[in-house]
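Engineer: Build me a model from this:
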Amino acid sequence: MSFTIIEQATARLHRSELAVPGSNPQLFEKAASSAADIVFLDVEDAVAPDDKAQARKNIIEGLNDIDWGRKTMMVRINGLDTHYMYRDVVDIVEACPRLDMILIPKVGTAADVYAIDMLVTQIEAAMKRSKRIGFEVLIETALGMANVEAIAQSSKRLEAMSFGVADYAASTRARTTVIGGVNRDSGVLTDPDAEGRRHYYWTDPWHAAQTRMMVACRAYGLRPVDGPFGDFGDADGFLAAANRAAVLGYEGKWAIHPSQIELANQVFTPSEAEVKKARRIVEAMAEAARAGKGAVSLDGRLIDIASIRMAEALLAKADQIGQQG
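Structural biologist: This is a model prediction of the structure:
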């Protein structure tokens, strides 16, 4: 391990993150009773300009009046380049002790996060808030991705990053079809075989961006979260996208429709077999430690200190899920 020790963000269950428009308060109760780990009430992209003031009021009433149980409650504010942002932060943070996190959209530089941090810190002090608000940022522009490592170190409040594929595609001029989906033109062609036949395989156009954001998150103790999959009628497509993110090391995925919540929870919940194996690894390493060994073989495979770290991380997540349930 490096001599530089990175403090890990506040531990929260983050398998599924449900987006709910603040302009549609009739959806709030359904969101509260859903299986989503995190709910964010949106006053940004999902709300038309003429509806933003009312959406803000709806969010304040919803956070204060509805029983959200043990969910992490978050609000997506408007961007720093709008005149709506300051009022979003001031009104909602001052009035809503139930608020856990703020989702900051279209973050381009570390200074963007610093600005919100300064404002929230002043409000917390003035209102004598006992609960410290955490941040999640959306990496959804070329500028944000270019500065992602600096953004990851921008604030002690920062807990998570989400990859906002739709705006990212627009920012980079990428050719996309379904939000978060793949494109048949993104592929590789094999060399001809003995009969001259060639095969074409689709690739993932978002892999490099997702990997870069994930590395920044894991390097600086944050949770990487995959953003939306636009075709909520395509469960198989959502599962494929979620599984690709999970393989990379992502913590969870957005749900823009209630039907996607269980799919996300399914992908990002350790299976019974995985939990059982992780417990066996921890037990095997404990036995090895008692015997003065630094490594041990389990089921014909080498188990070392890296293996136990992975096993402990998986068991910690399983424990969080058990506590939440």
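
Engineer: Under the pLDDT cut-off, which ranges of the protein? List them.
Structural biologist: By pLDDT under 70, the low-scoring segments of the chain are 1, 288-289, 293-295, 300, 303-307, 323-325.

Engineer: Going along the chain, name the strands of the protein.
Structural biologist: Remark: strands assigned in the chain by DSSP state E are 16-21, 38-42, 72-76, 101-104, 134-139, 158-163, 187-189, 200-202, 223-226, 252-255, 296-298, 301-303.

Engineer: Would you map out the domains in the chain?
Structural biologist: Residue ranges of the domains in the chain are recorded as 16-190+204-269, 273-324, according to automatic domain parsing.

Engineer: quick one, which of those domains is nearest to residue 4?
Structural biologist: Residue 4 lies closest to domain 16-190+204-269 among those, at 10.1 Å (CB to CB). C-beta here means a position set from N, CA and C on the backbone, and glycine is covered the same way.

Engineer: Endpoint to endpoint, that closest one covers what distance?
Structural biologist: End-to-end distance for domain 16-190+204-269: 10 Å, by CA to CA, to the nearest Å.

Engineer: and that domain, how far out from the chain's middle?
Structural biologist: Computed by CA atoms, centre = their mean, to the nearest Å, the separation of domain 16-190+204-269 from the middle of its chain amounts to 7 Å.

Engineer: can you check stretch 192-206 too?
Structural biologist: Between the centre of stretch 192-206 and the centre of its chain there are 33 Å (CA atoms, centre = their mean).

Engineer: Buried residues, it. List them.
Structural biologist: Across stretch 192-206, burial judged by 16 or more other CB atoms under 10 Å covers 204-206.

Engineer: Kindly indicate which of those lies nearest residue 98.
Structural biologist: The closest of the buried residues of stretch 192-206 to residue 98 turns out to be residue 206 (CB to CB; 33.8 Å).

Engineer: Let me see the contact set for the closest residue to that closest one other than its chain neighbours.
Structural biologist: Spatial nearest neighbour of residue 206, chain neighbours left out: residue 165 (5.9 Å); criterion: CB to CB, 6 or more residues apart in numbering. Neighbour list for residue 165: 140, 176, 179-180, 206, 227-228 [criterion: CB atoms under 8 Å, 6 or more residues apart in numbering].

Engineer: what's the answer for residue 252, then?
Structural biologist: 14-17, 37-38, 223, 225-226, 264, 268.

Engineer: Residue 13: neighbour count?
Structural biologist: Applying other CB atoms under 10 Å, we find 23 residues neighbouring residue 13.

Engineer: swap that for residue 68, please
Structural biologist: Number of residues near residue 68 (other CB under 10 Å) recorded here: 16.

Engineer: Residue 89 versus that one, what's the distance?
Structural biologist: Using CB to CB, to the nearest Å, residue 68 is found at 20 Å from residue 89.

Engineer: likewise residue 32?
Structural biologist: From residue 32 over to residue 89 the distance is 23 Å, taken as CB to CB.

Engineer: Neighbour count for the two, which is higher?
Structural biologist: Taking neighbours as other CB under 10 Å, residue 32 and residue 89 compare with residue 89 leading, 21 against 17.

Engineer: if I look at that one, how far off is residue 187?
Structural biologist: Distance, residue 89 to residue 187, using CB to CB: 44 Å.

Engineer: just residue 76 next, same as before
Structural biologist: Separation of residue 76 from residue 187 (CB to CB): 34 Å.

Engineer: Show me which of the two is the more surrounded one.
Structural biologist: Neighbour count, other CB under 10 Å: between residue 76 and residue 187, residue 76 has more, with 27 against 13.

Engineer: how about the closest residue to that one other than its chain neighbours, what does it touch?
Structural biologist: Nearest non-adjacent residue to residue 76, counting by CB to CB, 6+ apart: residue 103, 4.0 Å away. Each residue near residue 103 by CB under 8 Å, 6+ apart is listed here: 40, 74-77, 135-138, 162.

Engineer: Okay, and the beta partners of residue 103?
Structural biologist: Taking DSSP bridges as the rule, residue 103 bridges to residue 76, residue 136.

Engineer: Please write out the alpha-carbon positions of stretch 205-216 in CSV.
Structural biologist: Backbone C-alpha positions of stretch 205-216 (Å, rounded to 0.1, in the frame of the first residue of the first chain) are rendered in CSV as follows:
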residue,chain,number,x,y,z
PRO,A,205,-18.3,3.2,-26.9
TRP,A,206,-18.5,4.4,-23.2
HIS,A,207,-15.9,1.9,-21.8
ALA,A,208,-13.0,4.3,-21.8
ALA,A,209,-14.9,7.2,-20.2
GLN,A,210,-16.5,4.9,-17.6
THR,A,211,-13.1,3.4,-16.7
ARG,A,212,-11.5,6.7,-16.3
MET,A,213,-14.2,8.0,-13.9
MET,A,214,-14.2,4.7,-12.0
VAL,A,215,-10.4,4.9,-11.5
ALA,A,216,-10.7,8.5,-10.2
